[in-house]
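Undergrad: Requesting a structural model of the entry that follows:
(2 chains)
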Amino acid sequence: MQLQQLLQQGLVWQGQQHQPHDQQQFLDSGWAELNQHLGGGWLRGSVNELQVAQPFSGELALLVPLLRQLQRPSLWLNPPAQPYWPGLLHQHIKQPPLLVRTSCNEHAVWVLEQTMQSRQCGLLLAWLPSLPAAWVRRLQQCAEQHQQLLFVFSSWQPSDEARAYVNRLQLQRPADKPQLGFQVGIKKRRFGWPLPPFRCPVDQLLPARRRLLT
Amino acid sequence: MNAWLYVHAPQLLLDTQLALQTTAQQQQPQILLDGSRVGARQVVQCNQAAAAAGIRLHMAEVTATTLLADVQLRPYQAQQEQRILAQLAQLWYQDIAHIALYPPQGLLFEVASMLRLYGGFEGLLQQLQQRLQEWPIRYVVASGDTPMRARLLAQAGCSLLSNDARTVQQAVAQLPITASGLEPLHITRLQQVGITTIGALQQRHRSALGKRFGRAMTQYLAQLSGELPTPQQYYQPPAQFHQQLDLLAEVASWAQLVFPLRRLLQQLEAFLQVRQLSVRGLLLRVTHRDGQHTEQLIGFAHPVWQLKDMLGLTQLQLERQQLPEPALELALRAQRLEPRQQQHNDLVQASAEVAAPTQPLGELVSRLQARLGERAVQLPQPQRDWRPQQAQQWQLWQATATSAGLMPQLPRPLWLLDPEQPIDPQHWQLQWGPERLASGWWDDTPCQRDYYVALDQQQRQGWIFHSQQGWFVHGWFT
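TA: Purely as a prediction, here's the structure:
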C-alpha cells in the first residue's frame, strides 16, 4: 500500500520501465543488439568507458559504424599505435583522425575538455590507463554541456569502483572459445541493469576470409 | 581655424620606463642624466618623487645626488626616446591620419579634417587619452594656426586649445623670447637689445631683423606667421612589425616577461588593426647582459590579431620554456603577416552535429599546440605510395584541408605499428593473401614483402608480412 503511494508520487524509479527516449539524442551504434541494450544507441553528450581485455581485439571495429557517420574530424588521444589513414579510408571513414599525444593524464584531460568546448571534433577517442572519479565527472559534465561524445579506452578493471561514465562496456574476444566471437558485456548503462556479455558481429566489417592463394 | 595640434611630452623616456614599473618602484626618485653636452652631466628628466625632493631640470648631477642620496640615476638615451616617439606615433596613427615626428619629444598633428570627426578638440583629446590608458605619459597639447605656433605653445607648457586663431597669436606673442626656439646666441643678442617676448620680436621690422640676424631669422618669422608653409614629413607606419623594449631590471623567467610583452603585443594589435592583417607567428628575442640573444619562435595554427588571443597563446607556449639567463631587453617581431579572411560558417550545420561550432578547428589546434608542443598534434596526409609506411605521412596540423586520397581496394588495417614487430608465424593462422608489395627501389627504403591477413592466438585480425628478414606484424584491423 505504502509502496503504491510512493510509486504514484514518482519517488521510486523502476529499472524495467522502458521510458520513451527522444530518438534525436542517440547516435546509431551500427549494431542492432547494442542499440537495443543502450536504449537506442550511443547517447549524445556522454562519456563511455570501453574496458578492453586485450588491445586490438575489435574495439575499434565496434566504433567503425560511428566513425563512418562523422562530419568532422575525430580526435585520437594517446592511441596505442598509429591510426592508419588508408585503413580508415578502406573502411569508408571520410574524416581524418587528429592525433594528439600527451605526456600525463592532466594534459590529457585538459585536451579533452578543450576539444569538447570547441565542438570541432565529431568524436573523441581517448586511451587512458585509469581516471580518478573526479575527473570522469568533470569530463561527463563537459560532454553533456557541449553535447560531445567521448570514448575512454582502458584496461579491464576488475574492481567495481563507481565512475560517472554513462555506459561502461567490457570488450573481449575469448581466446579459448573462438566460436563466441567478439563479446560485449555491459557493466553499467543509463537505462537499465548490467547485462552479461553478448556477441557483437564486428567481424562483418573486417576483411572477408578467403582461401589462400598459396 | 586652428588646424594644427602639437603634443609635447617632456618626460617621454622616463615616463615610459615608469609605466613598466610597479607602484612601489614608481615612488622611488628617479632621474635621467644627459652626458652628451659639454660639462657635467645634467638632469634632463625626473619623476615626481625626485621633483618633490627639490631636483630640477638642468641641475648638475652633483647637486642632484647631494640633495637626494638614494636617487636612481640612469643615462638619457636619445635614440631610444626617438624609438618610443615612433611607437607613440604608431599608437595614435589609429586616430589621426597626419602625424609628423618632431624628435625627441614632439608630435605634430594636422587635425583640420579630424576635428569634425571627433566633434572638436575635446572629443579628439579624449580619443587620444583613451589610447594612452596603459601608457601614462605626461604631455602638453596646444593648438595653433601654424605648426610653429602650436609647437612653441606646447613646448612652453601652455596647453591652449582654441578654435580662434587670434587667441593663439596673442598667447604666442606673450611667450618669452627664451621659448622661441631660436639659437641661444640670437636669444642673448635679442635680450641685450630689450626684446624679451616673441610679440616684441614680431613688431620689429622684418627686413631690419634680417639684416642683423641673417636669413634664418626672416625664415623663422615667416614660418611663425604661416607665410612660409613648413613642409611636413608625415609619419608612415612601417610595413614590418619590430619593436623592442628595455627592461629596467634583469628578468629571470618568461613568466615575468609577460607584463612587458603585453605592452608589445598591444602595439602589435594596433599595427595589425590599422592594416587589417593577421599574424601566424611571433619571434621573441631576449637580450642578455653579455649581449647574447635567446630567440623563441611562437607559431599559431590559425591567424590571430587580437591581444587576448596572442597573449593567451604566447603565455601557454612560454609556460613550457625556460629562460637560460636573465634578460635585459625584449624584442618582438611579427612573422608571416596575412590579410584577414572572413570566416565562413554555415548557418545550417550538417545533420550529425547539433551545436554550432564556437570556434574553428584551427583555433583548437593552436591552443593544444601551445600547451603541448607543436609535435603533439598531428594529422595524416595520404601519399601516393605503395609502401605501407609511406602511404601516410604525419604532418603538423595546417590550415589546409586534407586531401581524401584514394580509397585502397585491397584490405588495409586501421592500425599501423611503427616499427613492425617480429612474430613467430607458427602462432598465426593465415586468412587471406598474399599481396606482394615490391617498391621503393629508387630510394633508401626499398620494400619487398608479402602481406597476409592473419589471426593470432587471441583471434585478433592482424596484417602480417614476410620478407627476407623474417615474419613481422605490421598492423591490426580491429
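Undergrad: drop to CA atoms for contacts and neighbour counts, all remaining ones
TA: Will do.
Undergrad: gap between the residue located most distally from the centre of chain B and chain A?
TA: Distance to the chain centre peaks in chain B at residue B:426, reaching 65.5 Å (criterion: Cα atoms, centre = their mean). According to Cα to the nearest Cα, to the nearest Å, residue B:426 and chain A sit 16 Å apart.
Undergrad: what's the helix or strand for residue B:336?
TA: In the assignment (DSSP states H and E), residue B:336 maps to strand B:327-339.
Undergrad: any idea which helix or strand comes after that strand?
TA: Scanning forward in sequence from strand B:327-339 by DSSP H and E, the next helix or strand is helix B:361-372.
Undergrad: What angle do helix B:361-372 and the helix or strand that that following helix is followed by make with each other?
TA: As assigned by DSSP H and E, the chain's next helix or strand after helix B:361-372 is strand B:377-382. Interaxial angle, strand B:377-382 versus helix B:361-372 (axes from the mean of the first three to the mean of the last three Cα atoms, to 10 degrees): 130 degrees.
Undergrad: who touches residue B:449 in this structure?
TA: Neighbouring residues of residue B:449 by Cα atoms under 8 Å, 6 or more residues apart in numbering or on different chains: B:436-438, B:465-468.
Undergrad: Neighbour-wise, which one of those leads?
TA: With neighbours defined as other Cα atoms under 10 Å in any protein chain shown, the most crowded of those is residue B:465; it has 27 neighbours.
Undergrad: can you list the domains in chain B?
TA: Listed by automatic domain parsing, the domain ranges of chain B are B:4-225, B:254-312+B:322-339, B:411-476.
Undergrad: Need those in TSV (columns: mean pLDDT and distance to residue A:155).
TA: Output for the domains of chain B, formatted as TSV (pLDDT from 0 to 100; distance: least, Cα to Cα, whole Å):
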stretch	mean pLDDT	distance to residue A:155
domain B:4-225	87	53
domain B:254-312+B:322-339	86	34
domain B:411-476	87	16
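Undergrad: mind checking which of these is nearest residue A:158?
TA: When these are compared by Cα to Cα, domain B:411-476 sits nearest residue A:158, at 20.1 Å.
Undergrad: Could you tell me which residues within the longest helix along chain B count as buried?
TA: Secondary structure of chain B per DSSP state H: the longest helix is helix B:254-275. Across helix B:254-275, burial judged by 16 or more other Cα atoms under 10 Å in any protein chain shown covers B:254, B:257-258, B:260-261, B:263-272.
Undergrad: Put the alpha carbons of it into CSV.
TA: Extracted in CSV, the C-alpha atoms of helix B:254-275 (Å, rounded to 0.1, in the frame of the first residue of the first chain):
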residue,chain,number,x,y,z
TRP,B,254,59.4,34.1,-19.1
ALA,B,255,56.6,34.4,-16.7
GLN,B,256,57.9,37.8,-15.5
LEU,B,257,58.2,38.9,-19.1
VAL,B,258,54.5,38.7,-19.7
PHE,B,259,53.8,42.2,-18.5
PRO,B,260,56.3,43.9,-20.8
LEU,B,261,55.3,41.5,-23.5
ARG,B,262,51.7,42.6,-23.1
ARG,B,263,52.8,46.2,-24.0
LEU,B,264,54.5,45.0,-27.2
LEU,B,265,51.5,42.8,-28.2
GLN,B,266,49.3,45.8,-27.6
GLN,B,267,51.3,47.7,-30.2
LEU,B,268,51.2,44.8,-32.5
GLU,B,269,47.4,44.6,-32.2
ALA,B,270,47.2,48.3,-33.2
PHE,B,271,49.6,47.6,-36.0
LEU,B,272,47.5,44.7,-37.3
GLN,B,273,44.3,46.6,-36.9
VAL,B,274,45.4,49.5,-39.0
ARG,B,275,46.4,47.2,-41.8
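Undergrad: export the contacts of residue B:449 to TSV and tack on secondary structure?
TA: As requested, the contacts of residue B:449 are exported to TSV (DSSP: H, G, I helix; E, B strand; the rest coil):
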residue	secondary structure
B:436	strand
B:437	strand
B:438	strand
B:465	strand
B:466	strand
B:467	strand
B:468	coil
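Undergrad: Am I right that residue B:74 sits in a strand?
TA: Yes. Counting by three-state DSSP, residue B:74 falls inside a strand.
Undergrad: immediately after the longest helix of chain B, which helix or strand?
TA: Next helix or strand after helix B:254-275 toward the C-terminus (DSSP H and E): strand B:277-288.
Undergrad: Show me what the next helix or strand after that next one pairs with in its sheet, parallel or antiparallel.
TA: Note on strand B:277-288: by DSSP H and E, the next helix or strand toward the C-terminus is strand B:293-304. Strand pairing for strand B:293-304, determined by DSSP bridges: strand B:277-288 (antiparallel).
Undergrad: Tell me what angle the strand it pairs with forms with strand B:327-339.
TA: 160 degrees.
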